[in-house]
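*Asks:* I need the structure of the sequence given here:
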Amino acid sequence: MTAETKRILVVDDEETLCDVMAFNLEAEGYVVEKAYSAEEALAYDLSEFDLILLDIMMGEISGLQLVRIMRSNPATASVPVIFCTAKDAEDDMIRGLDTGADDYITKPYSLQTVLARIRSVLRRASSSSRDNTSSSSTPMLTVQFMGLQLSRRTHTCMVDGEEVRMPRKEFEILFRLLSDRNRVFSRAELLSEVWPGETVVADRAVDVNVTRIRQKIGRYGRHIITRSGYGYGFMDDPV
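*Replies:* This next block holds a predicted model:
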(Lines give C-alpha, C1' and ligand atoms only; values in the text may rest on other atoms or scores of the structure.)
Protein backbone atom coordinates (compact mmCIF):
# COMPACT_ATOMS: atom_id res chain seq x y z
CA MET A 1 0.00 0.00 0.00
CA THR A 2 1.35 3.43 -0.91
CA ALA A 3 0.14 6.73 0.47
CA GLU A 4 -0.14 8.13 -3.06
CA THR A 5 -3.03 5.82 -3.87
CA LYS A 6 -5.04 6.74 -0.78
CA ARG A 7 -7.58 9.57 -0.66
CA ILE A 8 -8.35 11.14 2.72
CA LEU A 9 -11.06 13.66 3.63
CA VAL A 10 -10.32 15.89 6.64
CA VAL A 11 -13.46 17.30 8.28
CA ASP A 12 -13.09 19.92 11.04
CA ASP A 13 -14.84 23.24 11.65
CA GLU A 14 -11.61 24.67 13.09
CA GLU A 15 -10.30 25.76 9.71
CA THR A 16 -6.69 26.27 10.81
CA LEU A 17 -6.47 22.77 12.27
CA CYS A 18 -8.14 21.34 9.18
CA ASP A 19 -5.69 23.15 6.86
CA VAL A 20 -2.63 22.14 8.90
CA MET A 21 -3.72 18.49 9.02
CA ALA A 22 -4.37 18.46 5.29
CA PHE A 23 -0.99 20.04 4.60
CA ASN A 24 0.83 17.43 6.68
CA LEU A 25 -1.05 14.52 5.14
CA GLU A 26 -0.26 15.80 1.67
CA ALA A 27 3.41 15.99 2.71
CA GLU A 28 3.16 12.27 3.50
CA GLY A 29 1.94 11.59 -0.02
CA TYR A 30 -1.80 11.24 0.56
CA VAL A 31 -4.36 12.83 -1.74
CA VAL A 32 -6.33 15.10 0.60
CA GLU A 33 -9.61 17.02 0.44
CA LYS A 34 -10.95 19.32 3.17
CA ALA A 35 -14.38 20.13 4.54
CA TYR A 36 -15.09 22.70 7.26
CA SER A 37 -18.41 21.11 8.25
CA ALA A 38 -20.31 17.86 7.95
CA GLU A 39 -22.57 19.55 5.44
CA GLU A 40 -19.56 20.32 3.23
CA ALA A 41 -18.37 16.74 3.66
CA LEU A 42 -21.73 15.40 2.45
CA ALA A 43 -21.31 17.39 -0.77
CA TYR A 44 -18.51 14.96 -1.68
CA ASP A 45 -19.01 11.41 -2.89
CA LEU A 46 -17.79 9.89 0.38
CA SER A 47 -17.57 6.42 -1.14
CA GLU A 48 -14.55 7.59 -3.16
CA PHE A 49 -12.40 8.17 -0.06
CA ASP A 50 -10.17 5.56 1.55
CA LEU A 51 -10.45 7.21 4.98
CA ILE A 52 -12.20 10.13 6.66
CA LEU A 53 -10.59 12.06 9.53
CA LEU A 54 -13.43 13.65 11.45
CA ASP A 55 -14.11 16.02 14.34
CA ILE A 56 -17.17 15.37 16.54
CA MET A 57 -18.23 18.82 17.72
CA MET A 58 -19.31 20.79 14.68
CA GLY A 59 -22.33 22.85 13.57
CA GLU A 60 -25.76 21.63 12.52
CA ILE A 61 -24.57 18.08 11.84
CA SER A 62 -22.11 16.59 14.32
CA GLY A 63 -19.39 14.10 13.50
CA LEU A 64 -21.43 11.38 15.21
CA GLN A 65 -24.42 12.16 13.02
CA LEU A 66 -22.26 12.12 9.92
CA VAL A 67 -20.94 8.64 10.75
CA ARG A 68 -24.49 7.39 11.34
CA ILE A 69 -25.47 8.73 7.91
CA MET A 70 -22.48 6.97 6.35
CA ARG A 71 -23.08 3.66 8.10
CA SER A 72 -26.75 3.63 7.03
CA ASN A 73 -25.74 3.91 3.36
CA PRO A 74 -24.37 0.68 1.80
CA ALA A 75 -22.09 2.74 -0.47
CA THR A 76 -20.27 4.31 2.50
CA ALA A 77 -20.91 1.74 5.24
CA SER A 78 -17.36 0.36 5.06
CA VAL A 79 -15.41 3.62 4.54
CA PRO A 80 -12.97 3.87 7.49
CA VAL A 81 -13.46 6.79 9.89
CA ILE A 82 -11.12 8.13 12.57
CA PHE A 83 -12.45 10.66 15.08
CA CYS A 84 -9.99 13.41 16.09
CA THR A 85 -11.73 15.30 18.86
CA ALA A 86 -11.38 17.23 22.11
CA LYS A 87 -14.07 15.04 23.71
CA ASP A 88 -11.78 12.87 25.81
CA ALA A 89 -14.07 11.22 28.39
CA GLU A 90 -14.28 7.43 28.26
CA ASP A 91 -18.02 7.57 27.61
CA ASP A 92 -17.41 9.87 24.65
CA MET A 93 -14.83 7.45 23.27
CA ILE A 94 -17.16 4.47 23.65
CA ARG A 95 -20.02 6.40 22.04
CA GLY A 96 -17.79 7.34 19.10
CA LEU A 97 -16.54 3.82 18.53
CA ASP A 98 -20.02 2.40 19.03
CA THR A 99 -21.37 4.73 16.35
CA GLY A 100 -19.09 3.01 13.87
CA ALA A 101 -15.75 4.82 13.95
CA ASP A 102 -12.63 2.72 13.37
CA ASP A 103 -10.44 4.70 15.77
CA TYR A 104 -10.67 7.59 18.23
CA ILE A 105 -7.89 10.12 18.89
CA THR A 106 -8.22 12.86 21.49
CA LYS A 107 -6.86 16.39 21.16
CA PRO A 108 -4.20 17.56 21.69
CA TYR A 109 -2.45 14.89 19.62
CA SER A 110 0.90 14.58 17.91
CA LEU A 111 1.13 14.38 14.15
CA GLN A 112 3.10 11.15 14.41
CA THR A 113 0.32 9.55 16.45
CA VAL A 114 -2.28 10.52 13.86
CA LEU A 115 -0.11 9.23 11.00
CA ALA A 116 0.47 5.93 12.81
CA ARG A 117 -3.26 5.47 13.44
CA ILE A 118 -4.05 6.30 9.82
CA ARG A 119 -1.56 3.72 8.57
CA SER A 120 -2.99 1.13 10.95
CA VAL A 121 -6.61 1.70 9.89
CA LEU A 122 -5.70 1.73 6.19
CA ARG A 123 -3.77 -1.53 6.58
CA ARG A 124 -6.76 -3.18 8.23
CA ALA A 125 -9.13 -1.88 5.56
CA SER A 126 -6.80 -3.08 2.80
CA SER A 127 -6.45 -6.49 4.42
CA SER A 128 -10.22 -6.81 4.82
CA SER A 129 -10.72 -5.88 1.17
CA ARG A 130 -8.20 -8.50 0.04
CA ASP A 131 -9.86 -11.16 2.19
CA ASN A 132 -13.28 -10.38 0.73
CA THR A 133 -12.08 -10.47 -2.89
CA SER A 134 -9.62 -13.36 -2.72
CA SER A 135 -10.27 -16.01 -5.34
CA SER A 136 -8.37 -18.64 -3.39
CA SER A 137 -10.87 -18.75 -0.56
CA THR A 138 -14.53 -18.09 0.01
CA PRO A 139 -15.03 -15.67 2.90
CA MET A 140 -17.99 -16.16 5.20
CA LEU A 141 -20.49 -13.50 4.10
CA THR A 142 -23.60 -14.73 5.91
CA VAL A 143 -24.25 -16.28 9.32
CA GLN A 144 -27.61 -17.45 10.59
CA PHE A 145 -29.28 -18.97 13.63
CA MET A 146 -32.97 -19.71 13.17
CA GLY A 147 -34.56 -16.33 12.27
CA LEU A 148 -31.43 -14.32 13.10
CA GLN A 149 -29.33 -13.60 10.02
CA LEU A 150 -26.37 -11.30 9.36
CA SER A 151 -24.99 -10.50 5.91
CA ARG A 152 -21.63 -8.87 5.30
CA ARG A 153 -22.54 -8.45 1.66
CA THR A 154 -25.36 -6.02 2.50
CA HIS A 155 -24.27 -5.07 6.05
CA THR A 156 -27.69 -6.01 7.38
CA CYS A 157 -29.02 -7.79 10.47
CA MET A 158 -32.40 -9.49 10.08
CA VAL A 159 -34.43 -10.63 13.09
CA ASP A 160 -37.39 -12.82 12.14
CA GLY A 161 -37.69 -11.07 8.78
CA GLU A 162 -37.33 -7.53 10.16
CA GLU A 163 -34.17 -5.49 9.57
CA VAL A 164 -32.51 -4.16 12.72
CA ARG A 165 -30.14 -1.21 12.43
CA MET A 166 -26.80 -2.12 13.91
CA PRO A 167 -23.60 -0.04 14.03
CA ARG A 168 -20.44 -1.64 12.66
CA LYS A 169 -18.92 -2.70 16.01
CA GLU A 170 -22.14 -4.34 17.20
CA PHE A 171 -22.48 -6.06 13.82
CA GLU A 172 -18.91 -7.39 13.92
CA ILE A 173 -19.21 -8.69 17.48
CA LEU A 174 -22.47 -10.51 16.73
CA PHE A 175 -21.11 -11.82 13.42
CA ARG A 176 -18.07 -13.21 15.23
CA LEU A 177 -20.13 -14.85 17.96
CA LEU A 178 -22.55 -16.37 15.44
CA SER A 179 -19.80 -17.59 13.13
CA ASP A 180 -18.38 -19.76 15.94
CA ARG A 181 -21.38 -20.68 18.08
CA ASN A 182 -21.04 -22.50 21.39
CA ARG A 183 -17.60 -21.03 21.98
CA VAL A 184 -16.84 -18.38 24.62
CA PHE A 185 -14.67 -15.47 23.49
CA SER A 186 -12.70 -13.48 26.02
CA ARG A 187 -13.08 -9.70 26.00
CA ALA A 188 -9.45 -9.49 24.89
CA GLU A 189 -10.18 -11.71 21.87
CA LEU A 190 -13.17 -9.61 20.84
CA LEU A 191 -11.20 -6.40 21.31
CA SER A 192 -8.34 -7.68 19.16
CA GLU A 193 -10.70 -8.84 16.39
CA VAL A 194 -13.22 -6.00 16.34
CA TRP A 195 -10.89 -3.16 17.39
CA PRO A 196 -7.51 -4.46 16.13
CA GLY A 197 -4.55 -2.25 17.02
CA GLU A 198 -6.71 0.28 18.89
CA THR A 199 -4.98 0.60 22.26
CA VAL A 200 -7.42 3.26 23.51
CA VAL A 201 -10.38 0.88 23.71
CA ALA A 202 -11.48 -0.21 27.18
CA ASP A 203 -12.88 -3.66 28.00
CA ARG A 204 -16.17 -1.94 28.88
CA ALA A 205 -16.68 -1.13 25.21
CA VAL A 206 -17.33 -4.85 24.61
CA ASP A 207 -19.82 -5.01 27.49
CA VAL A 208 -21.70 -1.93 26.26
CA ASN A 209 -21.98 -3.32 22.74
CA VAL A 210 -23.10 -6.77 23.88
CA THR A 211 -25.81 -5.21 26.07
CA ARG A 212 -27.13 -3.28 23.07
CA ILE A 213 -26.95 -6.32 20.81
CA ARG A 214 -29.04 -8.38 23.26
CA GLN A 215 -31.70 -5.67 23.33
CA LYS A 216 -31.85 -5.42 19.54
CA ILE A 217 -32.12 -9.11 18.64
CA GLY A 218 -35.16 -9.80 20.81
CA ARG A 219 -35.77 -13.44 21.70
CA TYR A 220 -32.30 -14.40 20.48
CA GLY A 221 -30.63 -12.17 23.06
CA ARG A 222 -30.78 -14.93 25.67
CA HIS A 223 -28.49 -17.04 23.51
CA ILE A 224 -25.60 -14.62 24.19
CA ILE A 225 -24.27 -15.88 27.49
CA THR A 226 -21.77 -14.27 29.86
CA ARG A 227 -18.94 -16.17 31.51
CA SER A 228 -18.09 -14.07 34.54
CA GLY A 229 -14.56 -12.72 34.44
CA TYR A 230 -13.99 -14.05 30.93
CA GLY A 231 -16.30 -13.06 28.12
CA TYR A 232 -19.23 -13.95 25.87
CA GLY A 233 -20.52 -16.67 23.60
CA PHE A 234 -23.56 -17.42 21.43
CA MET A 235 -25.02 -20.73 22.55
CA ASP A 236 -27.53 -22.92 20.72
CA ASP A 237 -28.98 -24.03 24.06
CA PRO A 238 -28.23 -21.44 26.74
CA VAL A 239 -28.60 -22.52 30.34
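*Asks:* so where is the chain shaky, pLDDT-wise?
*Replies:* Along the chain, the model assigns pLDDT under 70 to residues 1-4, 87-92, 127-140, 196-203, 239.
*Asks:* Am I right that Gln144 sits in a strand?
*Replies:* Yes - in this structure, Gln144 lies within a strand as judged by DSSP: H, G, I helix; E, B strand; the rest coil.
*Asks:* Burial check on it, number of neighbours?
*Replies:* Residues near Gln144, counting by other Cβ atoms under 10 Å, number 11. (Glycine included, C-beta is placed from N, CA and C.)
*Asks:* Not counting its neighbours along the chain, what's nearest Glu14?
*Replies:* The shortest distance from Glu14 to any residue other than its chain neighbours is 7.3 Å, reached at Asp55 (Cβ to Cβ, 6 or more residues apart in numbering).
*Asks:* wait, the one you found sits on Val11?
*Replies:* Yes - contact criterion Cβ atoms under 8 Å: Asp55 and Val11 qualify, at 6.3 Å.
*Asks:* Give the residues shared as contacts by the two.
*Replies:* Gly63 (Cβ atoms under 8 Å, 6 or more residues apart in numbering).
*Asks:* show me what contacts Asp160?
*Replies:* If a contact means Cβ under 8 Å, 6+ apart, then Asp160 has 147-148, 218 as its contacts.
*Asks:* How far does the helix or strand containing Val20 sit from its chain's centre?
*Replies:* Using DSSP states H and E, Val20 sits within helix 15-27. Helix 15-27 has its average C-alpha position 24 Å from the chain's average C-alpha position, going by Cα atoms, centre = their mean, to the nearest Å.
*Asks:* Please enumerate the helices of the protein.
*Replies:* According to DSSP state H, the chain carries its helices in the segments 15-27, 38-42, 63-71, 90-99, 111-133, 168-179, 187-194, 204-216.
*Asks:* what about those, which gets the closest to Lys6?
*Replies:* The closest of the helices of the chain to Lys6 is helix 111-133. By Cβ to Cβ, the value is 6.1 Å.
*Asks:* Share the number of residues neighbouring the nearest residue to Arg183 once chain neighbours are set aside, please.
*Replies:* Leaving aside its sequence neighbours, Arg183 sits nearest to Gly233 (Cβ to Cβ, 6+ apart; 5.6 Å). By the criterion of other Cβ under 10 Å, Gly233 has 18 neighbours.
*Asks:* Does Gly233 have any beta-bridge partners, and if so which?
*Replies:* Val184, Ile225 (DSSP bridges).
*Asks:* Next one: it from Ala75, what distance?
*Replies:* Distance of Gly233 to Ala75, computed by Cβ to Cβ, to the nearest Å: 34 Å.
*Asks:* Then Val206?
*Replies:* Val206 is 29 Å from Ala75, by Cβ to Cβ.
*Asks:* These two: which has the busier surroundings?
*Replies:* The neighbour count for Val206 versus Ala75, taken as other Cβ under 10 Å, is higher for Val206 (23 against 11).
*Asks:* quick one: the more buried one from Val10, how far?
*Replies:* Note on Val206: its distance to Val10, by Cβ to Cβ, is 30 Å.
*Asks:* Likewise for His155?
*Replies:* Relative to Val10, His155 is positioned 25 Å away (Cβ to Cβ).
*Asks:* Compare the two and say which is more crowded by neighbours.
*Replies:* Val10 (26 against 16).
*Asks:* The closest residue to Phe175 other than its chain neighbours: neighbouring residues, count only.
*Replies:* Nearest non-adjacent residue to Phe175, counting by Cβ to Cβ, 6+ apart: Leu150, 5.1 Å away. Using other Cβ under 10 Å, Leu150 has 24 other residues around it.
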